[in-house]
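In: using only what follows, build the 3D model:
(chains A and B)
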Amino acid sequence: MDSWVIAMMLGASIFLGGIALIAFLWGIKNGQFDDETKMMNQVHYDDESELNDAVNQERKKEELRKKVYKPE
Amino acid sequence: MSNIKCDHCHLEFTDAVMIHDGTYRFCCKGCQGIFHLLKDEGLESFYTKMGETTLAPPLEQFEASSNFDSLAFHERFVTHDQEGFSQVSLVIEGIHCAACVWLNEKALHKMAGVIEAHINYTNNKARITWDNDTVALSAIIDMIRAIGYNAFPYDISLQESRVNKERKEYYLRMAVATFAVMNIMWVAVAQYAGYFTGITQEIKTILNIAEWALATPVLFYSGWVFYRGAYYGLKNKTITMDLLVATGASLAYVYSIYITLLEKGEAYFDSVAMIIAFVLFGKFLEVLSRKNAADTLDIMAKHIPQEVNRVEEEGIKSVSVNDVKVGEILQVRSGERCAIDGVVISGEGNFDESNLTGESEPIFKRQGDAIISGTTSIDALLQYQATKDFAHSTLSALVNLLENALTHKPAIEQLANRLSQYFSSVILVLALITFGGWYLYPHSFDRSLMVAISVIIIACPCALALATPVATLIGLALGAKRGILFKSAAQIETIAKATVLVVDKTGTLTLGRPEVIKEEITPSGAIDYLYSLVSLSNHPISRGVKAYLQKQYEVREYPLQESREIPARGIVARIDGVMIAGGNALLMEEMGIVVDSLSDASLFYYAIEGQLCATYHLRDLPKEGASQAIHHLQKSGLRVIMLTGDHPSAAHRVAQEIGIGEVHPHLNPEEKALFIQKLHDRGEIVVMAGDGVNDLLALARADIGIAMGNGSDIAIEVSDVVLLNDSLSSLVEAFTIGKRTYGLIQQNLGISLIYNSITIPLAMMGYIIPLIAAVSMSLSSLLVVGNSMRSRWMYK
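Out: The predicted structure follows:
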């Protein structure tokens, strides 16, 4: 058996696991797990309107930021 | 008639009293307003989201929201993020369910200029980011109030954000370590299998490199705390456990790289990752159970009145407490708490001073009497002249002292910490001796180094690091099951070493309210009338009589006419043309009734048409089981002392009943704290049990403060242990759990030391291979955890 097969499999699985780990770390840093009670309830508020709300919020922030930085 | 639910708050009322609005029904104008607002804003899905929850009806009165736009407010509470947007932290009041959080966030997000509103459901704290040029903070606050909630600002003190940051940092480090260790274990299984059944060097190197890749983030990211700890330890010239972990792990890591590159021998990467992960886990448990003093002070601040009513020429105006100057006239209405010290100039009435003095009886104040801030007016409407400004008033002074006491809490050094210092030095010296011995007693440098490293690894402090946290966690769990909340793990160990128990009287040893102990009643005594009469008053004595009547008789309440509460006397009313009166001897005297007022209990008389019908004797009784509990604690070697703000006679009587020899009556809060400080200076380890605001300082100053569950919020916040069920048997149990846990810690430390004394000589002789190192590490940790679990099963 060629040992490169083992090397490749090990490398690939550690790499994939690493991606999952980084995603998890990003979640922690982002404060997504800060509020355990709210986190558990979040499934109730997870429909289309929430997504729209999030997008609008993002857009509003962008507009306000432009306004803040716009030299007049 | 069946009750109907209000369409906003879901509380039930009879149809007659409700506001009819088309098909909707509301209990009050506030609910109606909010309901329509939500409908207009398209947020009515709130009602389906909230389900069966009921809300508190909205408050109608608020201080002006324009305060939130003042420069002073912005300076104190508002911060700016990198992009120039304003940020404020608020505590939202009135959050009942997840839907409330949703509603607030939604409503704020709909406002122009609000960039982000993030509300924490667990502690009701909100962080709001907004653009100050587009929308003013007051408009945001008005919105929160309009939908039926209220918001208070709070200082995100440095301490709180630091604690949270530390916790998060540990989460991250733990996540990395756990991920890497779990994966390394799989690779290590292949290694060990190869060790016994044969493996080509090529595969071995591949496995080593994989382990190397996984161990690197563990050592340098997760293990960073140990390098940091070791560095600070060396700077203070102490050898800490961190140093042992850091040197052991780094040496093993470097050695393993050497082995990997040289392609011969066994690598120790798995041990490196495991040591770091285990010890980090122990540290993490410690960080998790550390108490957050910052939250305490936030709650404290909420209890201080922010505004007072100042009497001015144009009338009465409500002003901020900070604006009041010495000499100004202030008004206090019944139910209000005073924020500023002063002297009464007109009016009279009863004050509840139990907050500060522990005195259970209300104090009657009239012209010339001193008003102390922090006390509450029961029925008094009076005007008084400020003799101090807010910053120098008793209440503020108390808060400052408290802040001081909380930040300078004495720390009793934990057994494990002391032990690990010696342990670490001994192991490092042994490793050096081993290396020297092997090198001089002709062996190669490699071989000598490997044996020395195996000594450090086998002496792995995993078990030592886990001994205390695991045992205390079990202690915490045992306590929680019995309604004893230890706020911080370290306190379990401290309580076991306590030498003195100081208890407060009112509310801790006694029930904290007058109870009827004797009833003298004539057959004609109309109990229902008396019941209706005492129901009118909120005076503790009336409440005591009311509770007694409810328990003893079938009572009905009648509507009374011309009812009148006479301060410091009692209550007078008329029913069916008959004059009824209830109160103390003074009232009876004024009505021309001669009564026998010789009693050491408080007396309540009840008269109909000038005829004495009943006499009640009331007294603050000790709690059930108080004397047994105290006796038990005394027998276990504790010195029990009673401190109280109450009169000597009342104090001695209770002490005698319960069996406490040492009593110090008539102490104010500061004297109580000073008393504890004195005990402390004599080297005693002091546990203080109390319940009221008057015990705050003492609770904060003691090594362990124990609060009763139905004591004041602040007392619960300040203390380290809370007895939820309020009983004194829980107090005994708290000590028992403390002692047991301490015993367990000693056992665990013993186990890990015995374990080490067997394995270290083996390692020094060179018998340890990586597999054995890894197995022994897990085994010693398992033994410690297992022993702790055993104690949990034994002590149900």
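In: mind giving me the packing neighbours of the helix or strand that contains B:Ala215?
Out: Assigned by DSSP states H and E, B:Ala215 belongs to helix B:201-217. Applying 3 or more C-beta pairs under 8 Å, 6 or more residues apart in numbering or on different chains; DSSP states H and E, one finds that helix B:201-217 makes contact with helix A:3-29, helix B:158-197, helix B:241-262, helix B:269-288. For glycine as for every other residue, the C-beta is placed from the backbone atoms N, C-alpha and C.
In: so what touches that helix?
Out: Applying C-beta atoms under 8 Å, 6 or more residues apart in numbering or on different chains, the contact partners of helix B:201-217 are A:3, A:6-7, A:10-11, A:14, B:176, B:180, B:183-184, B:187-188, B:190-191, B:194, B:253, B:256-257, B:259-260, B:263-264, B:267, B:269-270, B:272-273.
In: from chain A, how far off is B:Phe351?
Out: Using C-beta to the nearest C-beta, to the nearest Å, B:Phe351 is found at 40 Å from chain A.
In: tell me the bridge partners for that residue.
Out: Beta bridges link B:Phe351 to B:Ile363, B:Ser377, judged by DSSP bridges.
In: that one contacts B:Asp379, correct?
Out: No - at 9.2 Å, B:Phe351 and B:Asp379 do not qualify as touching, with contact defined as C-beta atoms under 8 Å.
In: and B:Asp131, what are its phi and psi?
Out: Per-residue torsions, B:Asp131: phi -100, psi 110 (degrees, to the nearest 10).
In: what is the burial count for it?
Out: Residues near B:Asp131, counting by other C-beta atoms under 10 Å in any protein chain shown, number 21.
In: got the angle between the helix holding B:Ala215 and helix B:241-262?
Out: 150 degrees (axes from the mean of the first three to the mean of the last three C-alpha atoms, to 10 degrees).
In: centre of the chain to helix B:201-217, how far?
Out: Remark: helix B:201-217 is offset 48 Å from the chain centroid, using C-alpha atoms, centre = their mean, to the nearest Å.
In: tell me the helix or strand right after the lowest-mean-pLDDT helix or strand in chain A.
Out: Scoring the helices and strands of chain A by mean pLDDT, DSSP states H and E places helix A:36-41 at the bottom, with a mean of 74. As assigned by DSSP H and E, the chain's next helix or strand after helix A:36-41 is helix A:48-69.
In: other SSEs contacting that next one?
Out: The contact analysis (3+ C-beta pairs under 8 Å, 6+ apart) places helix A:48-69 against helix B:98-109, strand B:114-119.
In: strands paired with the last one, and their directions?
Out: In the sheet, strand B:114-119 lines up against strand B:125-130 (antiparallel) (DSSP bridges).
In: near B:Thr197, how many other residues are there?
Out: By other C-beta under 10 Å, 7 other residues sit near B:Thr197.
In: look at it and report its pLDDT.
Out: Note on B:Thr197: pLDDT of 88.
In: please apply the same query to B:Ala405.
Out: So, for B:Ala405, pLDDT stands at 65.
In: likewise B:Ala215?
Out: B:Ala215 is assigned a pLDDT of 94 by the prediction.
In: what about the residue nearest to it when sequence neighbours are not counted, how many neighbours?
Out: If the residues on either side of it in the chain are set aside, B:Ala215 comes closest to B:Phe269, at 4.2 Å by C-beta to C-beta, 6 or more residues apart in numbering or on different chains. Neighbourhood size, B:Phe269 [other C-beta under 10 Å]: 31.
In: show the contacting residues for B:Phe269.
Out: For B:Phe269, the contact set (C-beta under 8 Å, 6+ apart) comprises B:Ile184, B:Asn208, B:Glu211, B:Trp212, B:Leu214, B:Ala215, B:Ala252, B:Tyr253, B:Ser256.
In: ok now stretch B:172-189, how far from the chain's centre?
Out: Using C-alpha atoms, centre = their mean, the offset of stretch B:172-189 from its chain centre is 35 Å.
In: for it, which positions count as buried?
Out: Buried residues in stretch B:172-189, counted by 16 or more other C-beta atoms under 10 Å in any protein chain shown: B:173-181, B:183-185, B:187-188.
In: from those residues, which are also near chain A?
Out: Filtering the buried residues of stretch B:172-189 for proximity to chain A by C-beta under 8 Å from any C-beta of the partner chain leaves B:Ala175, B:Val176, B:Phe179, B:Asn183, B:Val187.
In: the last one contacts A:Leu10, correct?
Out: So the one you mean is B:Val187. Yes - if you go by C-beta under 8 Å, B:Val187 and A:Leu10 touch, sitting 7.2 Å apart.
In: can you give me the helices in the stretch 251-400 of chain B?
Out: For the stretch 251-400 of chain B, the helices defined by DSSP state H, counting those that start in this stretch cover B:269-288, B:293-302, B:354-357, B:394-407.
In: pick out the shakiest of the ones you listed, pLDDT-wise.
Out: Lowest mean pLDDT within the helices of the stretch 251-400 of chain B: helix B:293-302, at a mean of 53.
In: can you pull the pLDDT of A:Ala12?
Out: On pLDDT, A:Ala12 comes in at 94.
In: relative to chain B, how far out is it?
Out: When distance is defined by C-beta to the nearest C-beta, A:Ala12 is 11 Å away from chain B.
In: residues near B:Thr387, how many?
Out: For B:Thr387, the count of nearby residues is 15 (other C-beta under 10 Å).
In: for B:Tyr558, that is, sorry about that
Out: 16.
In: and it, what is it in contact with?
Out: B:Asp528, B:Tyr529, B:Ser532, B:Ile575.
In: phi first, then psi, for it.
Out: Per-residue torsions, B:Tyr558: phi -110, psi 150 (degrees, to the nearest 10).
In: what does the one 5 residues further on give?
Out: When read as degrees, to the nearest 10, the backbone of B:Ser563 gives phi -70, psi 150.
In: again, but for B:Thr23
Out: Torsion angles at B:Thr23 (phi, psi; degrees, to the nearest 10) stand at phi -90, psi -10.
In: and it, how far from B:Tyr47?
Out: 14 Å (C-beta to C-beta, to the nearest Å).
In: which neighbours do these two share?
Out: Going by C-beta under 8 Å, 6+ apart, no residue sits against B:Thr23 while also sitting against B:Tyr47.
In: between these two, tell me which one has more neighbours.
Out: Set side by side, B:Thr23 and B:Tyr47 show more neighbours around B:Tyr47, with 16 against 6, by other C-beta under 10 Å.
In: and that one, what is it in contact with?
Out: So B:Tyr47 contacts B:Asp7, B:Leu38 (C-beta under 8 Å, 6+ apart).
In: got the phi/psi numbers for it?
Out: When read as degrees, to the nearest 10, the backbone of B:Tyr47 gives phi -70, psi -30.
In: ditto for the one 5 residues further on
Out: Comment: the main-chain dihedrals of B:Glu52 come out as phi -90, psi 0, following degrees, to the nearest 10.
In: thought it was touching B:His10?
Out: Yes - if you go by C-beta under 8 Å, B:Glu52 and B:His10 touch, sitting 7.5 Å apart.
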